[in-house]
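*Asks:* kindly return the folded structure for what I paste below:
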Amino acid sequence: MRWRPLRRGLSLIILLLFFYALLGRTDVSNELARNLSGTQVVPGMMRLLGPWSLNREFLLTFLSLLLIMVFTLFFGRVYCSLICPLGISQDCLLMISRRLRARGYKAFHNTHWVRYTVFFLSLLLFFAGSLILLNLLDPFSVWSRLVREILLPLTVPISRGLNTILNSFGFYFPLADFSFFLPVSGFVFLFLLLLIPFTLLKGRVYCSWICPVGTFLGFFSLGSRYSVNIDKEQCSACGFCERVCKTGSINAKEKRVNRELCILCGNCLQVCPGRAIGFGRVKKILAGGEKGPGKKISRRSFLKNLCGFFFSATVLVSTTSFFPRKRRVADAQGGEIKPATPPGSLGIVRFSSRCVSCHLCISKCPGKVLQPSLLEYGLSGIFQPVMDFKKGFCEYECTLCGEICPAGAILPVSAEKKKTIQIGRVEFIKEKCVVETKGTICGACAEVCPTHAVTLEPYREGLGLPVTEQELCIGCGSCEFACPVPEKAIFVQGLEVHGTAKVITRDFTEVLEVKDKGFPF
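*Replies:* This next block holds a predicted model:
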């Protein structure tokens, strides 16, 4: 029982650190986000599957996953109650709402067919090149999306109020910004509306029924050395332990604990009147008695479920692989604009097959160019980050997304290397430009271009018309963001595979020669 308050205290501290890491805008919070995200199972495994480089982040991720597996083999699913932010958040919700569950939880046994189906479908889709189920169900990705869509908008009025108060004393408080994208926000709110009542009434149903990470760790926890055990001789089958078990891992009638589901919360140890439940080394007799957590299944039912599984898997793989891509907003000519992925992701195919949709880079992006996608990468890449140059642009000196990406979908690059990575190429449509349509002086795209890929040339009546050099363009989108036309006259066409842009430094004398040609900038 001594470890129970220690576990609660540690888990609460870890949860607060996760909140600060995701919502903070300081170098400390960015460093925390970089380190804490490496302790999560799915992003960590995705990082280890990538190109190996013995840097600090890689070693931290490797050691974190190694410790998680070792602790799971010895003590069971400690990860779920100590490190997982979604699990800890559910525990906090349950602690606050004790009155609503005075009668305890209703245990659901024989749920293994649900979690096994979800897990193996996720695994099958992963090997087929689709991360759709992992994107939607990974607990860290789920939690970070909940924080971004629910809590981050609350910081906007708070920051404005603090800024107003501090301005009266001559201080400035940085303003927060947030833009809703209805499909993502709607999905997150719907998930939250389902999660809260099920958690309050049934306990951690998500962790024991759906979570693929919990199922994966459950396989290893079946052979754990130490676990919660029930002394069948002292147990009176009163059912108190079963009613307080948040994961439904205790069957009071059969006097056994399913180690595959137990997260070592310690609730059962506290309520047992006969002290029949204890934590210690698992005895072989108990281990033998825990075989087959569910009822036996007939051969006909097994074959029926197996055929249904493969049929569902085939439909999901076909749907996610061949579902057409669609741009949220088409280009000015009505054609398709290929999405652009962040520098360091190497290209669309690699990025969409590695990103777990945790939205950490979206929350941290200072230029607000990274936004949740819908079908830009197809159905398999739903909610993964895409560069929306109508919302912002990729800052020339910024490399933050590659530094904090927990899955290695965006590799870290230096600021100098990033300036030569070509993620897209600029395209200009003369018929949409205000210089052509209204005879108005503009040149905003040329003014903001950091690589001189967009310049002005004399056009008529002292006006300048943009001219593009695609070899110099890195696809940062500053020109598209600055273009005042609703249907952009200049835009970035994303590249399937990233390239290298040419670097040309234009000196001041060349600028003077252009300016003397008779048109303003």
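*Asks:* the residue sitting nearest the centre point of the chain in helix, strand or coil?
*Replies:* Taking C-alpha atoms, centre = their mean, the centroid of the chain lies closest to C358, which sits 0.6 Å from it. Put simply, C358 is coil when judged by DSSP: H, G, I helix; E, B strand; the rest coil.
*Asks:* hang on, it packs against M46?
*Replies:* No: using C-beta atoms under 8 Å as the test, C358 is too far from M46 to be in contact (10.1 Å). Every residue, glycine included, has its C-beta placed from N, CA and C.
*Asks:* mind listing the shared neighbours of the two?
*Replies:* Common neighbours of C358 and M46, using C-beta atoms under 8 Å, 6 or more residues apart in numbering, are P406, A407.
*Asks:* low-confidence ranges, the stretch 151-300 of the chain, go.
*Replies:* Counting by pLDDT under 70, the stretch 151-300 of the chain shows low-confidence ranges at 283-300.
*Asks:* could you pull out the helices in it for me?
*Replies:* Taking DSSP state H, counting those that start in this stretch as the criterion, the stretch 151-300 of the chain carries its helices at 152-167, 182-202, 205, 212-221, 240-244, 267-271, 284-289, 299-322.
*Asks:* near the nearest residue to C394 once chain neighbours are set aside, how many other residues are there?
*Replies:* Leaving aside its chain neighbours, C394 sits nearest to C476 (4.4 Å; criterion: C-beta to C-beta, 6 or more residues apart in numbering). Neighbour count of C476, defined by other C-beta atoms under 10 Å: 32.
*Asks:* check the gap between C476 and E395 for me.
*Replies:* In this view, C476 and E395 are 8 Å apart by C-beta to C-beta, to the nearest Å.
*Asks:* does anything pack onto the host helix or strand of G424? Which helices or strands?
*Replies:* Assessed by DSSP states H and E, G424 sits inside strand 421-428. Strand 421-428 is packed against strand 464-468, strand 490-500, with contacts defined by 3 or more C-beta pairs under 8 Å, 6 or more residues apart in numbering; DSSP states H and E.
*Asks:* tell me the phi and psi of the closest residue to Y377 other than its chain neighbours?
*Replies:* Distance criterion C-beta to C-beta, 6+ apart; nearest residue to Y377, sequence neighbours excluded, is S352 at 4.2 Å. Per-residue torsions, S352: phi -70, psi -20 (degrees, to the nearest 10).
*Asks:* any idea how far S352 lies from P366?
*Replies:* Separation of S352 from P366 (C-beta to C-beta): 24 Å.
*Asks:* S478 reaches H452, doesn't it?
*Replies:* No: S478 is not in contact with H452 according to C-beta under 8 Å; the separation is 11.9 Å.
*Asks:* looking at the two, which is more packed in?
*Replies:* Neighbours per residue (other C-beta under 10 Å) separate S478 from H452, with S478 holding more: 27 against 16.
*Asks:* how far away is the more buried one from L463?
*Replies:* Taking C-beta to C-beta as the measure, S478 falls 22 Å from L463.
*Asks:* per the record, what domains does the chain have?
*Replies:* Per the record, the chain has its domains at 3-158+165-289, 348-515, by automatic domain parsing.
*Asks:* follow-up on the earlier one: compare neighbour counts for S352 and P366 and give me the winner.
*Replies:* Counted by other C-beta under 10 Å, S352 and P366 do not tie: S352 has more neighbours, with 25 against 13.
*Asks:* tell me who's in contact with the more buried one.
*Replies:* The neighbours of S352, taking C-beta under 8 Å, 6+ apart as the test, are L131, T341, Y377, G378, S380, G381, Q384.
*Asks:* secondary structure class for the fifth one?
*Replies:* Right, S380. helix.
*Asks:* so it is in contact with L134, correct?
*Replies:* No: using C-beta under 8 Å, S380 is not in contact with L134, being 10.4 Å away.
*Asks:* need the overlap of contacts for those two.
*Replies:* Here S380 and L134 have L125 as joint contacts, going by C-beta under 8 Å, 6+ apart.
*Asks:* what ranges do the helices span in the stretch 1-150 of the chain?
*Replies:* With DSSP H, counting those that start in this stretch as the criterion, the stretch 1-150 of the chain has helices spanning 3-23, 27-36, 41-48, 56-75, 78-82, 85-96, 112-127, 132-137, 139-146.
*Asks:* in TSV, list these along with mean neighbour count, mean pLDDT and distance to S208.
*Replies:* Converted to TSV, the helices of the stretch 1-150 of the chain look like this (neighbours: other C-beta atoms under 10 Å; pLDDT from 0 to 100; distance: least, C-beta to C-beta, whole Å):
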stretch	mean neighbour count	mean pLDDT	distance to S208
helix 3-23	16	88	18
helix 27-36	17	87	24
helix 41-48	22	89	16
helix 56-75	16	88	16
helix 78-82	23	90	9
helix 85-96	20	88	11
helix 112-127	17	86	7
helix 132-137	21	89	14
helix 139-146	25	93	12
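*Asks:* bridging residues for L370?
*Replies:* Taking DSSP bridges as the rule, L370 bridges to M387.
*Asks:* next, count neighbours for it.
*Replies:* 26.
*Asks:* ok, the closest residue to C207 other than its chain neighbours - how many residues close by?
*Replies:* Using C-beta to C-beta, 6+ apart and skipping the chain neighbours, the partner closest in space to C207 is G214 (5.0 Å). G214 sits with 27 neighbouring residues when counted by other C-beta under 10 Å.
*Asks:* tell me who's in contact with G214.
*Replies:* Listed by C-beta under 8 Å, 6+ apart, the contact set of G214 reads R77, C80, R115, P139, C207, S208, L261.
*Asks:* and F191, how many neighbours?
*Replies:* F191 is flanked by 16 other residues according to other C-beta under 10 Å.
*Asks:* contacting residues around it?
*Replies:* V142, L146.
*Asks:* ok, it to C207 distance?
*Replies:* Distance from F191 to C207, counting by C-beta to C-beta: 14 Å.
*Asks:* do C238 as well
*Replies:* For C238 relative to C207 (C-beta to C-beta), the value is 25 Å.
*Asks:* please say which of these two ends up with more neighbours.
*Replies:* Higher neighbour count among C238 and C207: C207, with 27 against 14, using other C-beta under 10 Å.
*Asks:* and the gap between the more buried one and K430?
*Replies:* C207 is 57 Å from K430, where distance means C-beta to C-beta.
*Asks:* cool, and R281?
*Replies:* 78 Å.
*Asks:* try S141
*Replies:* 43 Å.
*Asks:* ok, now I132?
*Replies:* Going from I132 to K430 by C-beta to C-beta gives 40 Å.
*Asks:* tell me which residues of stretch 338-356 come out buried.
*Replies:* Within stretch 338-356, the residues scored as buried using 16 or more other C-beta atoms under 10 Å are 338-346, 348, 350-356.
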